[in-house]
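Asks: Please work out how this folds:
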Amino acid sequence: MIPAAKETLMATKPKATQKPKPQTSDEWMMLEFEIQRLFDGAPVDEEQLFAGRSKEVNKMLQTVMERAKHVVLFGERGVGKTSLSNIFWKRYGTTLQSFIVARVQCGPHDDFSSVWIRGLEELKAMGISRGRPDYVNFDTNFTAITPSQVRRELQKINPNALPIIIFDEYDKVTDGDTKVLMANIVKELYDFAVHTTVIIVGVAENISELIADHASIGRALVDVPLHRMSESELREIIHQRIRQTPMTFSNDAIWTVVILSRGLPFFTQTLSKLAALNAIKTRRLNINNGDVAEAMKQFIEDTAVSFRDAYGEATRTNQKNNLKETLLACALAKSDDEGFFKAADLIEPLSAIMKDRRRIAHFEKHLRRFSGDDGGKILSRRGGDRQQMFRFADPMMQPYVIINGIQSGMIDEDAKNLLFQKEQREFAI
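Replies: This next block holds a predicted model:
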């Protein structure tokens, strides 16, 4: 297994009120259901279950309070964009009853009219469900709609309301005209000081990938990039959830989950849930590293269809050229808060895996393969020839590669003891 946690790592925080240990089969089943609910990788609904994003929450709330400004929330997959957009307004949702929040799930077949007609319908429905039909006295009966028509309907909203329309997974919209028209509506709402806040959420490295001509509407937009979480923030995700149950995580189990997560909160939730469920099977309340090991096996089984083919395409070869080892080194390499690493960052982990000092020349072709068609573009690449950086195109592939590497024996215990430290040291090879 992965080496023990450092002594400075805190175990599960004390619970305000210790819940009793389940005694009957029904009580253990209820605990299992509670773990599923708390650690489900789907977006969370309660602020106390979403830790580590206070800066972004405050930035989005400030934008809503300023009115007439709008938010673009972007980042790579798995960093918690949907979860954040779900809960950021709930910090004051109980004291400010004027919040009316509508969510639109975007798709590849959407255009400007389809997303905005759904947005108006959802906003009206939410106002009515909150007992404030007077707040949302506007029309929704459209078969097509223009930016100016949207603006005129939103101007009918009661000025005491704080309306928010969230367009989630906006990166899936492929219609180019929609991105232009979305920029037009943002500008028009800003120019006319309409107090509805539009929040655009999507997978992207920058705003320009989501909205056209963003430079001309810079005053109306607040960009909120969402990066990978720190180790302390990932630990807080575990603490906030598990403390609501009678269960506890050992230091080592927390450390293992956090290190494997590579900054991705979705994976932290998933692996923690599987480990807790494994402990429940044997009627135990303390979750240890053995449970995490079983969770790793379960994760590989559960994601075999999703990741196996992509992994095979990237590493399949008739020659002995260490493609699997290089991809594992990519997953273990030190990276920035966006998940990007340089070729030089592979030297230390690959040297530990291969038990021989590696140089960039040993794996330069592998990186080209992984970021090209031959390797299924398992890595994305940015920068020029001399400043190239790489990251996994699907972030969840990264922990998959690590777990697969551990289970297949590509790294032994000595290598693990070096690779899974907070800072990679110089390896004595």
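
Asks: What values do phi and psi take at Arg357?
Replies: phi -70, psi 120 (degrees, to the nearest 10).

Asks: Does it touch Ser351 like I think?
Replies: Yes: using CB atoms under 8 Å, Arg357 makes contact with Ser351 at a distance of 5.3 Å. Glycine gets a C-beta too; all of them are placed from N, C-alpha and C.

Asks: which of those two has more neighbours?
Replies: Set Arg357 next to Ser351 and count neighbours by other CB atoms under 10 Å: Ser351 wins out with 20 against 12.

Asks: which element is the more buried one on?
Replies: Under the criterion of DSSP states H and E, Ser351 resides in helix 347-354.

Asks: tell me which strands and helices whichever helix or strand comes after that helix is in contact with?
Replies: Counting by DSSP H and E, the next helix or strand C-terminal to helix 347-354 is helix 360-370. Here helix 360-370 touches helix 323-332, helix 347-354, strand 379-382, going by 3 or more CB pairs under 8 Å, 6 or more residues apart in numbering; DSSP states H and E.

Asks: okay, the ones you listed, which one's buried deepest?
Replies: helix 323-332 (a mean of 24; mean count of other CB atoms under 10 Å).

Asks: Against which helices or strands is it packed?
Replies: Against helix 323-332 (3+ CB pairs under 8 Å, 6+ apart) you get helix 304-315, helix 347-354, helix 360-370, strand 389-392, helix 397-407.

Asks: how far out from the middle of the chain is the first one?
Replies: Computed by CA atoms, centre = their mean, to the nearest Å, the separation of helix 304-315 from the middle of its chain amounts to 21 Å.

Asks: okay, the helices and strands packed on helix 323-332 in a markdown table with distance to Tyr135 and mean pLDDT next?
Replies: Supplementary listing: the helices and strands packed on helix 323-332 in a markdown table, determined by distance: least, CB to CB, whole Å; pLDDT from 0 to 100:
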| stretch | distance to Tyr135 | mean pLDDT |
| --- | --- | --- |
| helix 304-315 | 42 | 87 |
| helix 347-354 | 55 | 91 |
| helix 360-370 | 52 | 94 |
| strand 389-392 | 43 | 95 |
| helix 397-407 | 44 | 90 |
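
Asks: What's the separation between the nearest residue to Ser335 once chain neighbours are set aside and Arg382?
Replies: The shortest distance from Ser335 to any non-neighbouring residue, by CB to CB, 6 or more residues apart in numbering, is to Phe341 (4.3 Å). Phe341 is 12 Å from Arg382, where distance means CB to CB, to the nearest Å.

Asks: next one: Lys365
Replies: Lys365 is 19 Å from Arg382, by CB to CB.

Asks: got the contact list for the residue nearest to the spatial centre of the chain?
Replies: Centroid-nearest residue in the chain: Val79, 2.0 Å away (criterion: CA atoms, centre = their mean). Neighbouring residues of Val79 by CB atoms under 8 Å, 6 or more residues apart in numbering: 226-229, 263-266, 395.

Asks: can I get the CA coordinates of the host helix or strand of Arg118 in PDB?
Replies: Take DSSP H and E as the rule and Arg118 turns out to sit in helix 112-129. What follows is helix 112-129 as a C-alpha-only set of coordinates in PDB (Å, rounded to 0.1, in the frame of the first residue of the first chain):
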ATOM      1  CA  PHE A 112     -29.600  30.200 -28.200                       C
ATOM      2  CA  SER A 113     -33.400  29.900 -28.300                       C
ATOM      3  CA  SER A 114     -33.600  26.500 -26.700                       C
ATOM      4  CA  VAL A 115     -31.300  27.300 -23.800                       C
ATOM      5  CA  TRP A 116     -33.000  30.600 -23.100                       C
ATOM      6  CA  ILE A 117     -36.600  29.500 -23.400                       C
ATOM      7  CA  ARG A 118     -35.700  26.700 -20.900                       C
ATOM      8  CA  GLY A 119     -34.000  29.300 -18.700                       C
ATOM      9  CA  LEU A 120     -37.000  31.500 -18.600                       C
ATOM     10  CA  GLU A 121     -39.300  28.600 -17.900                       C
ATOM     11  CA  GLU A 122     -37.200  27.300 -15.100                       C
ATOM     12  CA  LEU A 123     -36.800  30.700 -13.500                       C
ATOM     13  CA  LYS A 124     -40.600  31.200 -13.600                       C
ATOM     14  CA  ALA A 125     -41.200  27.800 -12.100                       C
ATOM     15  CA  MET A 126     -38.700  28.400  -9.300                       C
ATOM     16  CA  GLY A 127     -40.300  31.700  -8.400                       C
ATOM     17  CA  ILE A 128     -43.700  30.100  -8.200                       C
ATOM     18  CA  SER A 129     -42.400  27.100  -6.200                       C
END
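
Asks: Many thanks, I have nothing further to ask.
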